[in-house]
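A.B. asks: next come a sequence and a model predicted from it.
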Amino acid sequence: MTSPLARAVLSESEQAERVYTLSDYFAQRPTLESVAPGLVRDMLEDHYPAQGERLTHAALIEPEPCGIQVEYRVLTLAHLLIERFLGEEKRICPAGSYVTLYPGAEHPEQLSLSVEMLDTLLDEWAPLLLEAYKQGLVDFWNSPLAGDVAPWQRLSEFFAAQLRLACAALSGDELAGVSAVLDYPDLKAREAKFGSDCAQAYIPIIDSRIKGPEPLRIQALVISHWVGKRQIVLLYSLFGGIETFDSTRALEESLSVTLSGEDSGFRSYSPDHHIFDALTVSLLVRQLEAIDAIKPSDYRDPEALEQHLRELTGLQALFGAFRSGHEAKLASLDDLLPEALRKASAADRTRYGRYVAALATVHRGHAGKAFLDGIPDIRTFAGQSLRASLQAKYPAAASVSVSDISVTLTRIANSPSEMVDSALDARYESQAQDYVAMALKNLEAFPLGALAQVHYQGRTAPPWMSYDALRTAVSDADIGRTYPELLRQKLQRDQAERARQEGLFTDYLRVLLPMWALELRLERKLTETARLYVEAVVTRDVGVREVLGQPIVVRPMAFLAHPGATADRVRNMFVIGPQATAQGPQVLCRPSARVLLLEFPSWAGLLTAIQQEGPLQQSVLDGLDSARRSTYEDGGFKEPHLTRVTNSDWNIPDTPEPAALDTTPLSGSFCAALFAASVEALIAQAEADSVSNAEDRWSRFVDLGWALFGLLQPLLPGPLAGFGWLVQLLSSLKALADSHASHPWVAFADVLLNLAVVLVYHRRPLIGQAGAVGPRPVLSNAVIKEPVASATNQLVFAWTRPGRQFTASELVRLEKFKLSLSEAPGTLLESGDWKGLYRRDKLFYARVDDAWFRVSRKLDGVVIIDDLHPARQGPWLRRDSSGLWQLDRGLRLLGGVGELSVRAAKKLKSLEKKARDLLESVPTLLADAERSASLVQVPRDIEDMLGMKAQPFSALGRELRDLTQGLSQSPRFLIADLEQTASTLNKKGLSLRVNLTKKRLPSAAAVEFLAQEEQITVHKLGERRDISGGKGNDFLDEYEIRDRQGRPLWYAHFHYLSATTPAARFSKAHLKTREQRFKGLSFQRAQESAGSKVDAIWRGDIGPKLAAALFLPPSA
């Protein structure tokens, strides 16, 4: 049995604001474009570690011959990475191509990275793009935003709040069960309060095969409890509110029916921690699974993939349209949307919706008031002034509506030539005109002696309302003087009123100008780059802004008639564009014109457009000071009309250079400058004495663009109809507002917020559209292979969120990992990635909040493990800003079984790069060692030096082996190379030491070292002999020290006082070189007697210990 329940209905403003608060959060989620630069940084940072974030701007510069000159094409590495991920073939770069970190510079500096190496890196890193996107998505869900609350936490709170609203119609036992879950979302806490038979909450997961192998997962919340023998089961979802069932079987049967009767597997997930947190994380898991199913080959270009990712990860995919109770009104709003907005991408609709929501906020904040509030428009002012003038002479005018007065003028229609011909009869024509409109043309519209008929409300006017009376009233009102004076008083002199008007102007401008720019971009009248420029200058109001790596400035439009001339400013026109005028595009902002924003490809292109006759040139001329206008009229932009003096009648003056645009940037606030310029333009226009024949004075005021700021005030018909989509929608939007609201501006703000909701939730939810996780194409050197586990097994969420106390179940689990230690279990590591951990032999430990844990180092970081059962893992750790290790209480994306997360893959690639760099340094190390060998004083120094050089190889090999144990991506050959190289360096050090030792003079230490390394053998030469010259007091035992090839290296001489003295009782013993074997004291005395230079003879002392160990027989 099932029974749907009524759902509490939110007010329009509550509904819209809740939705848009979430939308604002999720508008900040990552995109491929935002993730790819970070992956480029990771790709390059091991090569250029000092460059930091500058690496994200890396680009490929390709020369493109263009006639005589060579132009350059700039391709960001982020874009190339995305293209390579989608299967783009390797680029064939023209000669002269290079990589730079400064693509926006006039002469970009070349990076040492070769194009060939770049291609290899792109192949290696492109397969990681979606993994990086998933990591970015998890980081986004996990990163604190407003109020130090992460998006997933805000969603958790939102789901709980929605359930509380949805159960407003419940009562009795049903309400009690839901309330228990709402008040105690943690199971242990609920059991402690209500006992073990309390309400249970779980997340149902239904896997169905509706369309081939693609699973459909429906996730909602089920609350079940028993009241006596009666079971109460409630199913809650954002799609259908709350439904009740009398058993779990009834729920399962209902869900099966819901799924078109297909065979489906019903499973449930019963978390023992916060149920709404778990429900929220299950939604993220669904997103990760959908991303896993993406096949790059299915997308024709990066934009298509980006669009799909935006839809998969947006709020629409999370939980679809809200059941707000206002669906009919929202549907009617959706029907009103312009075609371009209806067909816009989700990102553009959401962006436009944010502007609409912001506009509603501004409108509500200013109580419906907009710029020029309290200042009548010129038509209203004219009507009031005319009635006052009439009433001064004719009291009956007090009750007259001036706008109902019309005048029909009858004039002769014959031409002057016809008038000369008296034979032709006079022809007359009549024209009925609105009195106020005529008054705005001043007295020119009231010719003397004209045949006139005055009508009031379509009938003959009363006698006092004569043509002359109306004409005199126009003269007395003097609208051309009094209206500008009113504007000047309100907008310039009265400082308090000026500040109020400027606040209104600025608040609306910051929303409406970028909104208008987005409309133009959707209509293909502006590029995305130009739109970003406009958005930047109003959101970052002062100074230089950076957009896409380009510094952007605002320049008041002004012209230089000749080099060194004072700039001639154009009233109320500004140019928005790159600080470097050689770059583009340049956007002309003209609040005084019907077309507010115009884009030009370059600074030169803007000037060229102004030089051409047409509406643009005329608007620029109109904005110049009247005294300077003649300089530029009639072709003066190409050849300014300057006063030129010559000293001879025969000298022809030089042709002046074309006028130039002034490049001086605006120094202060753009919004303040725009307000001041707009006020100046408004007053200047109001003071104009005459208007063209094509437009009347009011039309010229309309052309100033004030509709932009009076958008939410009652609008006048006519020229406004073409200004902006919201203006076109205004009457329809107002019709949807609550006509009974006490404050109409509040009701209209609600309609705007609902329109914003429509712009966010405009597509059917994508639940179930993600395919099953299947194998992905693997490019060369790919770290990520075919996924072997679903995202459910990759997302770690077993510990409560930051800022919330541990739940009872978590405290029990955590206690099992703690160690009973009274002191540090090893040596503190003071540097590197594992700084702050303690090491004892091969084991690692961490101290967290005065508790000790055994930990394991992983590519993903540090995780607590069970000391007795190391395969059992606890929470992950992170190191805080003070260097202390803390529990990482949030979401963490890991690789599947035996696989790598993108964090781990980056770590592994960094270690692999470090290993390759080390291995590449080996020839240099060996060559340096050979050179150093000839310089060291002590042979042991060369062995120690190479031993130190070998340590990073062996340490990195051990680290890689430990961190990748059990992983299919373990770089086994690289580890073997590191270990082999460490051994080679150690052996080379030993070899050099041995060779150096052999080449040096013999010493006891040298002989002992060589003997230990089995580099020498010792042989006694003959028997002891008398060398005293017959004195009988010096006998010699001689030993030959031979190398491994049997060649004599050194000799050892042992001297005795007699022929029979025991071997161990030598009088002296020393080492001699081969060359000095037979030289002794008698040889030196002979040299001295002959007057020759006496050669020094080396005698390396041999002590008793070395003598017994190497030379003397064991019996001695």
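C.D. replies: In hand now; what should we look at?

A.B. asks: Leu372 touches Gln501, doesn't it?
C.D. replies: Yes: assessed by CB atoms under 8 Å, Leu372 is found in contact with Gln501 at 7.1 Å. Every residue, glycine included, has its C-beta placed from N, CA and C.

A.B. asks: so between these two, which is more surrounded?
C.D. replies: In this view Leu372 and Gln501 are compared by other CB atoms under 10 Å, and Gln501 has more residues nearby, 24 against 19.

A.B. asks: where does that one sit, in terms of helix or strand?
C.D. replies: Using DSSP states H and E, Gln501 maps to helix 495-522.

A.B. asks: what are the buried residues along that helix?
C.D. replies: Residues of helix 495-522 classed as buried: 497-498, 500-502, 504-522 (neighbour count, 16 or more other CB atoms under 10 Å).

A.B. asks: now stretch 597-612
C.D. replies: Neighbour-count burial for stretch 597-612 flags 597-600, 602-603, 606-607, 609-611 (criterion: 16+ other CB under 10 Å).

A.B. asks: now do stretch 1040-1056
C.D. replies: Buried residues in stretch 1040-1056 (16+ other CB under 10 Å): 1040-1041, 1049-1056.

A.B. asks: low pLDDT regions in the stretch 51-200 of the chain?
C.D. replies: Low-confidence segments of the stretch 51-200 of the chain (pLDDT under 70): 67-68, 146-148.

A.B. asks: and for the stretch 301-450 of the chain?
C.D. replies: Ranges of the stretch 301-450 of the chain meeting pLDDT under 70: 315-335, 346, 412-428, 442-444, 449-450.

A.B. asks: what segments of it are helices?
C.D. replies: With DSSP state H, counting those that start in this stretch, the ranges of helices along the stretch 301-450 of the chain come out as 302-313, 315-319, 327-336, 339-342, 346-365, 378-393, 416-420, 435-439.

A.B. asks: adding distance to Arg878 and mean neighbour count, write those helices out as TSV.
C.D. replies: Shown next, in TSV, are the helices of the stretch 301-450 of the chain (distance: least, CB to CB, whole Å; neighbours: other CB atoms under 10 Å):
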stretch	distance to Arg878	mean neighbour count
helix 302-313	25	18
helix 315-319	27	21
helix 327-336	43	14
helix 339-342	44	14
helix 346-365	32	21
helix 378-393	65	19
helix 416-420	93	10
helix 435-439	72	23
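
A.B. asks: columns distance to Ser934 on top of those helices, output as TSV?
C.D. replies: TSV is the format used below for these (distance: least, CB to CB, whole Å):
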stretch	distance to Ser934
helix 302-313	58
helix 315-319	70
helix 327-336	85
helix 339-342	78
helix 346-365	67
helix 378-393	96
helix 416-420	114
helix 435-439	103
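
A.B. asks: nearest to Val1007, of those?
C.D. replies: helix 302-313 (72.2 Å; CB to CB).

A.B. asks: Leu113 and Trp125, how far apart?
C.D. replies: For Leu113, the distance to Trp125 (CB to CB, to the nearest Å) stands at 13 Å.

A.B. asks: which one's more surrounded, the two?
C.D. replies: Shown here are Leu113 and Trp125; by other CB under 10 Å, Trp125 has more neighbours (27 against 19).

A.B. asks: show me the contacts for the more buried one.
C.D. replies: Neighbour list for Trp125: 39, 42-43, 81, 909 [criterion: CB atoms under 8 Å, 6 or more residues apart in numbering].

A.B. asks: immediately after the host helix or strand of it, which helix or strand?
C.D. replies: Assigned by DSSP H and E, Trp125 falls within helix 115-125. Counting by DSSP H and E, the element after helix 115-125 in chain order, helix or strand, is helix 129-142.

A.B. asks: ok, which stretches of the stretch 101-250 of the chain are strands?
C.D. replies: Ranges of strands in the stretch 101-250 of the chain, per DSSP state E, counting those that start in this stretch, are 200-211, 214-219, 221-227, 230-237, 241-245.

A.B. asks: lowest-confidence stretch among the ones you listed?
C.D. replies: Ranked by mean pLDDT, the strands of the stretch 101-250 of the chain end with strand 214-219 at the bottom, a mean of 47.

A.B. asks: what's the spacing between stretch 920-935 and its chain's center?
C.D. replies: Put simply, stretch 920-935 sits 46 Å off its chain's centre (CA atoms, centre = their mean, to the nearest Å).

A.B. asks: which of the residues in it are buried?
C.D. replies: Neighbour-count burial for stretch 920-935, with 16+ other CB under 10 Å as criterion, is recorded at 922, 925-926, 929, 933.
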